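J.: missing the sequence, but the structure's below:
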Ligand SMILES: O=P(O)(O)OC[C@@]1(O)O[C@H](CO)[C@@H](O)[C@@H]1O
């Protein structure tokens, strides 16, 4: 019997689907500025800047106070708890700065991995306890979407069926709780790029993972029109000796998505997973040019691939504000073009944009 116990009212569904669509409208994507304190420390270490709350705040202030035209390329920004409550140097909350630009504010909700005993060092993600209360508070404090990143690894006996099922179920519980509290859930099942496997194996695993995720979302009565997917692109492992062209990555990626992701999902925003900024843009462009049916918006939710050049330009010096903002804007515009299949590589990329951003076992 249909709808005997409806999970959401039609007003709730309308709100959720409108938020999701706003984030990915017209080639827009997401800036993933939700690095935890530890992850941000790794980023800052690369540019020899101390990982203090003030340094994290200063860098993020530069990103969020960039020219208002950023709202043509960035539809949403994911924040870490600390950042949601931080202010710029004039005392204005970051979240209000973003909202005034018409950008939707999101919040990281997962809380790190817990080991799955009896597996080859696989994990599930914590954060479901008290999640509903946290979501309700974040909604009051201006967030309209959430993010939960589950991590799966390709290795000997990995990912195991247990890891796939357990992470799919946690993602679905999280998505349902978000929607009950008016937050659009970004569902992120990341198959890590660690390993020497080829692209075909990554495609096989990605399909298994996504199929399990959509089965679990359906079991948990998640309203797909009010969700966004944040998957890995289908690529070879970082240590694979065989190299693939963007067109091959695009075909494998869209094939995997086409086989597993329902057309009701409004947008798929890829993570960058350690690709260089330029590779992440070129691959996204090729994905949007791929000659297969693509019923969803195909866009970006990049962390490293939107911030690496900006971090390098900043180097911890306030005097570099302009160069930092220009570097960030350049990547945002390039990825927006790629999300429409209109990116033309200029051939004059800076060193930071072509540098691999891979971090081994990037788990939290
Ligand atoms: O792979 P990328 O594009 O750098 O980051 C993807 C991402 O999900 O992983 C990070 C760690 O949780 C987050 O900061 C970010 O949102």
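T.: Cool, got the structure. Owing to the predicted nature of the structure, the values given are computational and were not obtained by experimental measurement. Numbers count the residues shown, from 1 in each chain.

J.: How much space separates the nearest residue to residue 274 once chain neighbours are set aside from the ligand?
T.: Closest residue to residue 274 apart from its sequence neighbours, by C-beta to C-beta, 6 or more residues apart in numbering: residue 358 at 3.4 Å. C-beta coordinates here come from the backbone N, C-alpha and C atoms, glycine included. Here the criterion is C-beta to the nearest ligand atom, to the nearest Å. By it, residue 358 lies 10 Å from the ligand.

J.: Any stretches of the stretch 151-300 of the chain with poor pLDDT?
T.: Scanning the stretch 151-300 of the chain for pLDDT under 70 picks out no residues.

J.: what does it put close to the ligand?
T.: The stretch 151-300 of the chain comes close to the ligand at residues 188, 271, 272, 273, as judged by C-beta under 6 Å from any ligand atom.

J.: In those, find the pair that's most separated.
T.: 188 and 272 (12.2 Å; C-beta to C-beta).

J.: Please, where are all the strands along the protein?
T.: 29-33, 74-79, 104-108, 113-115, 123-125, 145-152, 184-191, 228-229, 267-270, 297-302 (DSSP state E).

J.: need those in TSV with mean neighbour count, can you?
T.: Below are those laid out as TSV (neighbours: other C-beta atoms under 10 Å):
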stretch	mean neighbour count
strand 29-33	28
strand 74-79	27
strand 104-108	25
strand 113-115	13
strand 123-125	21
strand 145-152	25
strand 184-191	28
strand 228-229	28
strand 267-270	25
strand 297-302	28
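
J.: Contacts only, for the residue nearest to residue 274.
T.: 193, 238, 274, 275 (C-beta atoms under 8 Å, 6 or more residues apart in numbering).

J.: got a list of what the residue lying closest to the first one once chain neighbours are set aside touches?
T.: Right, residue 193. Of all residues not flanking residue 193 in the chain, residue 238 sits nearest, at 4.8 Å (C-beta to C-beta, 6+ apart). Listed by C-beta under 8 Å, 6+ apart, the contact set of residue 238 reads 193, 194, 195, 274, 358, 360.

J.: For residue 238, give me the backbone phi and psi.
T.: For residue 238, the backbone dihedrals (degrees, to the nearest 10) come out as phi -60, psi -30.

J.: Please tell me how far it sits from residue 361.
T.: Remark: distance between residue 238 and residue 361 (C-beta to C-beta, to the nearest Å) = 11 Å.

J.: and for these two, which residues touch both?
T.: With C-beta under 8 Å, 6+ apart as the test, residue 238 and residue 361 both reach residue 194.

J.: Tell me which residue in the stretch 151-300 of the chain sits closest to the ligand.
T.: residue 272 (3.3 Å; C-beta to the nearest ligand atom).

J.: right, and that residue touches residue 308 too?
T.: No - contact criterion C-beta atoms under 8 Å: residue 272 and residue 308 do not qualify, at 9.2 Å.

J.: Need the residues touching each of those two.
T.: The contact sets of residue 272 and residue 308 overlap at residue 357 (C-beta under 8 Å, 6+ apart).

J.: Around the ligand, pick out the residues from the stretch 1-150 of the chain.
T.: Selection of the stretch 1-150 of the chain residues close to the ligand by C-beta under 6 Å from any ligand atom yields 32, 34, 35, 39, 78, 149.

J.: Around the second one, count how many other residues there are.
T.: A total of 25 residues lie near residue 34 under the criterion other C-beta atoms under 10 Å.

J.: which residues touch it?
T.: 78, 79, 80, 83, 106, 107, 108, 147, 303.

J.: residues contacting the third one?
T.: Pointing back at residue 80 there. Shown in contact with residue 80 (C-beta under 8 Å, 6+ apart): 33, 34, 35, 36, 37, 40, 107, 108.

J.: Closest to residue 64 out of those residues?
T.: Nearest member of the contacts of residue 80 to residue 64, counting by C-beta to C-beta, is residue 33, at 8.0 Å.

J.: contacting residues around the closest one?
T.: Counting by C-beta under 8 Å, 6+ apart, residue 33 has contacts 60, 63, 77, 78, 79, 80, 83, 303, 307.

J.: How about residue 188?
T.: Counted by C-beta under 8 Å, 6+ apart, residue 188 has contacts 147, 148, 149, 150, 171, 229, 230, 231, 271.

J.: Pick out the most distant pair among those residues.
T.: Farthest apart among those by C-beta to C-beta are 171 and 271. That separation is 14.1 Å.

J.: Report the central residue of this protein.
T.: residue 301 (3.9 Å; C-alpha atoms, centre = their mean).

J.: Contacts only, for that residue.
T.: Residue 301 neighbours (C-beta under 8 Å, 6+ apart): 29, 30, 32, 76, 78, 186, 228, 230, 269, 270, 271.

J.: List the beta-bridge partners for it.
T.: Beta bridges link residue 301 to residue 30, judged by DSSP bridges.

J.: now it: how far from the ligand?
T.: As defined by C-beta to the nearest ligand atom, residue 301 lies at a distance of 6 Å from the ligand.

J.: What pLDDT does the model give that residue?
T.: Residue 301 carries a pLDDT value of 98.

J.: and if you look at residue 351?
T.: Residue 351 is assigned 69 on the pLDDT scale.

J.: start at 33 instead
T.: All right, first residue 33 from here; so that's residue 383.

J.: what's the spacing between residue 63 and residue 111?
T.: 10 Å.

J.: for residue 89, same thing?
T.: Distance of residue 89 to residue 111, given as C-beta to C-beta: 12 Å.

J.: Likewise for residue 306?
T.: 22 Å.

J.: Just list the residues touching the residue of the stretch 83-232 of the chain found nearest the ligand, thanks.
T.: Nearest residue of the stretch 83-232 of the chain to the ligand: residue 181, at 4.7 Å (C-beta to the nearest ligand atom). Residue 181 is in contact with 140, 142, 157, 220, 222, 262, counting by C-beta under 8 Å, 6+ apart.
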